[in-house]
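Peer 1: below are the sequence and a predicted model for it; my questions follow.
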Amino acid sequence: MRAIYREEPCRSALNPVKGMSFRWSLNPYMGCAHRCTFCYVRAFEQRADRPWDERYGTSIRVKVNVAEVLSFELARPSWAREEVVIGAATDPYQPIEGRYRLTRACIEALGRARNPFGIITRGPLVVRDIDVLARAAERAEVSVALSIPTLDERVWRTTEPATAPPRQRLRAVRLLVEAGIRAGVAMAPILPGLSDRDEQLAAMLAGAREAGATFVWGAFLNLRPGTREHFMKQLERDWPQSVEGFRRLYAGRAYLPRDETEPVLERIRSLKAEVGIADRRERPLEPPAEAKQMDLAI
């Protein structure tokens, strides 16, 4: 299905976030053309009575004035210059960003304001913005996480139907790191029984190390209503033998308990140590020490 893009101004750019490790998010677009089968945003779309099933990603809202609104909000005396995460609810580097360049404009605004930020994306298009990311990283803390759940080609093609190949995303990590930008890999979501085998984890960590990733973290699939129905329908089509296992694991809950996830996450931590995932940037771009001290004082 072809996506329809709707140009709609926004009243606010920064969104308060609860239950996450960060307090503010920024999404230049709403809706995502990547249409991943496991996307947790489907749950929010269902709750808001918007398309969440096969139609998700066919209607994208383009916040054409988002950078201007963001600049206004960052200039408020009450703004405490807290970290902002770009891409928490939609991919900021989905294909339409090549035309509208809204994410790029937001990076420029955050850089001017010396405001720390992080980016989460599956889009290698992020390398287009190395210049503005580098300038921002000299003024505030900046990080980029390329979301790459697995290098397994079948799992990728089946669950992330409109995304760039995983190794293309690893190349983006390498180019960002070579430019001095703190970049790494988000193994998310890990799919129990489909992408958590030891050889799959080892291949992913080896690829991240080869790309020079400064960090790697992993997170498991969550199945809230909306995401659950769509994912399970796709699972019945592509991995019918796994359906009962997922029903058992996620019976009556959206998140797996710690005793189910910890062995895999511990294996990832062990592999990180084995292959040597660390910040090895030859010329890391960082804000001067006095800027960091000023941020702490605000």
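Peer 2: Great, that's in hand. Numbering: from 1, shown residues only.
Peer 1: I'd like the next helix or strand past the strand or helix carrying residue 187.
Peer 2: Assigned by DSSP states H and E, residue 187 falls within strand 182-190. Going down the chain from strand 182-190, the next helix or strand is helix 198-210, by DSSP H and E.
Peer 1: hmm, who's touching that next one?
Peer 2: Applying Cβ atoms under 8 Å, 6 or more residues apart in numbering, the external contacts of helix 198-210 come out as 148, 150-152, 166-167, 170, 173, 184-185, 187, 216, 264, 267-268, 271-272, 274-277. C-betas here are computed from N, CA, C, even on glycine.
Peer 1: and if we set it to 7 Å?
Peer 2: 150-152, 170, 185, 187, 216, 267-268, 271-272, 275-277 (Cβ atoms under 7 Å, 6 or more residues apart in numbering).
Peer 1: then that helix to PDB, C-alphas only?
Peer 2: As requested, C-alpha coordinates have been extracted for helix 198-210 and formatted as PDB (Å, rounded to 0.1, in the frame of the first residue of the first chain):
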ATOM      1  CA  ASP A 198      22.800 -17.800  20.700                       C
ATOM      2  CA  GLU A 199      24.200 -17.800  17.200                       C
ATOM      3  CA  GLN A 200      21.900 -14.900  16.200                       C
ATOM      4  CA  LEU A 201      22.900 -12.900  19.200                       C
ATOM      5  CA  ALA A 202      26.600 -13.600  18.600                       C
ATOM      6  CA  ALA A 203      26.300 -12.600  14.900                       C
ATOM      7  CA  MET A 204      24.600  -9.300  15.900                       C
ATOM      8  CA  LEU A 205      27.300  -8.400  18.500                       C
ATOM      9  CA  ALA A 206      30.100  -9.300  16.100                       C
ATOM     10  CA  GLY A 207      28.500  -7.000  13.500                       C
ATOM     11  CA  ALA A 208      28.100  -4.200  16.000                       C
ATOM     12  CA  ARG A 209      31.800  -4.500  17.000                       C
ATOM     13  CA  GLU A 210      32.900  -4.500  13.400                       C
END
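Peer 1: now it, how far from the centre of its chain.
Peer 2: For helix 198-210, the separation from the chain centroid amounts to 19 Å (computed by Cα atoms, centre = their mean, to the nearest Å).
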